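K.L.:
Got a predicted structure here, sequence first:
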Amino acid sequence: MNKRIVHDALILTAFTLVLGFILALVQGITAEPIDKANKAAAQKAYQAVFADAKSFEKYDYDAEEADKLVSDAGYKDTIDDIETALDANKETLGYVITVTAKDGSQGSITFSVGIKNDGTVNGYSITSISETPGLGMKAEEADFYKQFENKKVDKFDVVKTTPSKDEQIEAITGSTITSKAMANGCNAAITYFQNKLQGGAN
């Protein structure tokens, strides 16, 4: 009986080791393509919100400080990345601030927000979203996201009627939660920009 248990244990151990080796091998093979795909998606998002930029350069910032600043302003979002948008002469045109909105209806939403030096919001580009098809997913559609483009405001407010002011965003029908998550994410980016980047990076 004991020999049987030892035998089975050895087989199980060997199987586990082999399986672990295979998984590690697969991860090693897929890690680089996944990383390249993620970087390509990010670059596409940067260009979408800063079409005039010729290149983007990572901006060094304190993530904890940024998230505290955003939290103190009343937003649950996090600042995930900041890129300096540069022209052909390497002059700063503005910044691309990537945020993760924590208050979507189905989970977090990650997107990049382009903001010019003068504070004008170019718009946003979503890189990760899992909202409800036909409802929250409409945040990816032009009818909604174009409301954020070329707006110089201190913050966006979501309304359920036709907007009468630049800062007002008409909510997606049946998806006010997603609409507010997108507005809050943009507001988090604006908050960081106004406090840390406007007038030139420190």
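P.N.:
Cool, got the structure. Here the structure is a predicted model, which means the values were calculated and not measured.

K.L.:
Just the CA trace of the helix or strand residue 180 falls within, in PDB.
P.N.:
Assigned by DSSP states H and E, residue 180 belongs to helix 176-192. C-alpha atoms of helix 176-192 as PDB (Å, rounded to 0.1, in the frame of the first residue of the first chain):
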ATOM      1  CA  THR A 176     -25.400  56.900 -17.000                       C
ATOM      2  CA  ILE A 177     -22.900  55.000 -14.900                       C
ATOM      3  CA  THR A 178     -20.600  54.400 -17.800                       C
ATOM      4  CA  SER A 179     -21.000  58.000 -19.000                       C
ATOM      5  CA  LYS A 180     -20.000  59.300 -15.500                       C
ATOM      6  CA  ALA A 181     -17.100  57.000 -15.400                       C
ATOM      7  CA  MET A 182     -15.700  58.400 -18.700                       C
ATOM      8  CA  ALA A 183     -16.300  62.000 -17.500                       C
ATOM      9  CA  ASN A 184     -14.700  61.300 -14.100                       C
ATOM     10  CA  GLY A 185     -11.700  59.700 -15.800                       C
ATOM     11  CA  CYS A 186     -11.300  62.800 -18.000                       C
ATOM     12  CA  ASN A 187     -11.700  65.000 -15.000                       C
ATOM     13  CA  ALA A 188      -9.000  63.100 -13.200                       C
ATOM     14  CA  ALA A 189      -6.600  63.700 -16.100                       C
ATOM     15  CA  ILE A 190      -7.600  67.400 -16.100                       C
ATOM     16  CA  THR A 191      -7.000  67.700 -12.400                       C
ATOM     17  CA  TYR A 192      -3.500  66.300 -12.700                       C
END
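
K.L.:
got the buried residues for it?
P.N.:
177-192 (16 or more other C-beta atoms under 10 Å). Yep, even glycine has a C-beta here, placed from its N, CA and C like the rest.

K.L.:
pLDDT score assigned to the nearest residue to residue 191 once chain neighbours are set aside?
P.N.:
With sequence-adjacent residues excluded and distances taken as C-beta to C-beta, 6 or more residues apart in numbering, residue 191 is closest to residue 73, at 4.6 Å. Looking at residue 73, its pLDDT is 96.

K.L.:
What of residue 31?
P.N.:
For residue 31, pLDDT reads 56.

K.L.:
Could you do residue 4 as well?
P.N.:
71.

K.L.:
Give me the neighbour count for it.
P.N.:
8 (other C-beta atoms under 10 Å).

K.L.:
Next SSE downstream of the one helix or strand it maps to?
P.N.:
Taking DSSP H and E as the definition, one finds residue 4 inside helix 2-49. The element immediately downstream of helix 2-49 (helix or strand, assigned by DSSP H and E) is strand 55-58.

K.L.:
Is it correct that residue 154 is in contact with residue 186?
P.N.:
No: applying C-beta atoms under 8 Å, one finds residue 154 not in contact with residue 186, separated by 11.3 Å.

K.L.:
For residue 101, give me its contacts.
P.N.:
76, 77, 108, 109, 110, 111, 181, 182, 184, 185, 188 (C-beta atoms under 8 Å, 6 or more residues apart in numbering).
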